[in-house]
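K.L.:
Here is a sequence together with a model predicted from it:
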Amino acid sequence: MREILGRRRRLRLRRKEGAARLDAALTFATRWRWPVLPGAGTAPAALRDGRGLGCACPDPDCAVPGAHPFDPGLLAATTDERMVRWWWTNRPTAPVMLATGGRAPCAVSLPALAGARALTALDLMGMRLGPVVATPTRWSLLVAPYTLERLGELLYSKDRVPSSLRFHGEGGYLVLPPSEIGAGQVRWERAPRPAAPADSAVPSPVFPVFRRAARGGGAPAEAAPWLPDVEAVLDALVEASTSAPDGGSRLAY
């Protein structure tokens, strides 16, 4: 009897998690116009270090278990409501992947500990941040779309850039909440906020991220979350990395 009840509870939990991911994917795609697709997801195969879950892709040494596109590939990312519904109806536990670049958000990511330090430093600077995605291993600061050419110019203009930074731009991807990957749960460290009026610098209330999208007639239009410019974020991160009291970097691994 206990085993039966345990299985029922696990089934209810999986259904609840699947509904949350579908709602999130629909919010991203139909309300915010962010192109999404399902990630590879996890498998019960044990990792070499004995922690977490393995990846459902064929690579036994996958470096980012569950947190990358596989089938379908990245080019399939879409904002089409019917496609999104079909994907997560058939794969309700699949991670939600954002195809970065183009008109979609880009991101700058750091190791988790460095990311926590960076947010503290940027808050002390008084910098306004956009959404921040946190996994157990990396934190990602979402920024407004940028081109690879612009990123190259920005990096070239810097004398030094922390080696722990990764840039998710055109042709890249990022896992979004409320996904689960091999490393663990994906969550919002800073929740998305709607774009404030152009003449207002006061952050708006936290935006309801996972409102259930309307069926049939399509979702009503809503403002996409506000995103900072990549140059402002990069400048602040470089400053934070060079302002440690001992002359080292706050953003080291």
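P.N.:
In hand now; what should we look at?
K.L.:
C-alpha only now, for contacts and for neighbours.
P.N.:
Fine.
K.L.:
For stretch 141-153, buried residues please.
P.N.:
Neighbour-count burial for stretch 141-153, counted by 16 or more other CA atoms under 10 Å, picks out 141-146, 151.
K.L.:
Go ahead and name everything in contact with it.
P.N.:
For stretch 141-153, contacts defined as CA atoms under 8 Å, 6 or more residues apart in numbering pick out 100-109, 129-133, 169-170, 227-230, 233.
K.L.:
so what pLDDT did residue 91 get?
P.N.:
pLDDT recorded at residue 91 is 95.
K.L.:
tell me how far the ends of stretch 175-193 are from each other?
P.N.:
Stretch 175-193 has an end-to-end distance of 18 Å (criterion: CA to CA, to the nearest Å).
K.L.:
hmm, I was thinking of stretch 58-70
P.N.:
This stretch, stretch 58-70, spans 9 Å end to end (CA to CA).
K.L.:
Next, residue 142: secondary structure please.
P.N.:
Under DSSP: H, G, I helix; E, B strand; the rest coil, the three-state class of residue 142 is strand.
K.L.:
measure it to residue 108 for me?
P.N.:
For residue 142, the distance to residue 108 - CA to CA - is 7 Å.
K.L.:
can you map out the strands along the stretch 51-200 of the chain?
P.N.:
54-55, 96-100, 106-111, 132-134, 138-143, 166-168, 172-176, 180-181, 184-185, 187-190 (DSSP state E, counting those that start in this stretch).
K.L.:
Residue ranges in the stretch 151-253 of the chain under the pLDDT threshold?
P.N.:
196-222, 243-253 (pLDDT under 70).
K.L.:
Mind listing the residues bridging to the residue nearest to the spatial centre of the chain?
P.N.:
Geometric centre of the chain, nearest residue: residue 176, 3.5 Å, by CA atoms, centre = their mean. Here residue 176 sits in beta bridges with residue 96, going by DSSP bridges.
K.L.:
wait, isn't it in contact with residue 100?
P.N.:
No. Checked against CA atoms under 8 Å, the pair residue 176 and residue 100 is beyond contact range at 11.3 Å.
K.L.:
circling back: tell me the one of the buried residues of stretch 141-153 nearest residue 38?
P.N.:
Residue 38 has its nearest neighbour among the buried residues of stretch 141-153 in residue 142, at 19.3 Å by CA to CA.
K.L.:
Tell me who's in contact with the residue nearest to the centre of the chain.
P.N.:
With CA under 8 Å, 6+ apart, residue 176 has these contacts: 95-98, 133, 186-187.
K.L.:
Most neighbours among those residues, which one is it?
P.N.:
residue 95 (31 neighbours; other CA atoms under 10 Å).
K.L.:
Can you tell me the number of residues neighbouring residue 134?
P.N.:
Counted with other CA under 10 Å, residue 134 comes out at 25.
K.L.:
Then residue 240?
P.N.:
Burial of residue 240, expressed as a neighbour count using other CA under 10 Å, amounts to 21.
K.L.:
host element of it?
P.N.:
If you go by DSSP states H and E, residue 240 is part of helix 230-241.
K.L.:
Flag every buried residue along that helix.
P.N.:
230-231, 233-234, 236-241.
K.L.:
Surely residue 134 is in contact with residue 183?
P.N.:
No. Here residue 134 lies out of contact with residue 183, judged by CA under 8 Å, at a distance of 11.1 Å.
K.L.:
on that earlier part again, list only buried entries from the contacts of stretch 141-153.
P.N.:
Among these, those buried by neighbour count (16+ other CA under 10 Å) are 100-101, 104-109, 129-133, 169-170, 227-230, 233.
K.L.:
Isn't residue 69 up against residue 36?
P.N.:
No. Residue 69 is beyond contact range of residue 36, at 10.1 Å (criterion: CA under 8 Å).
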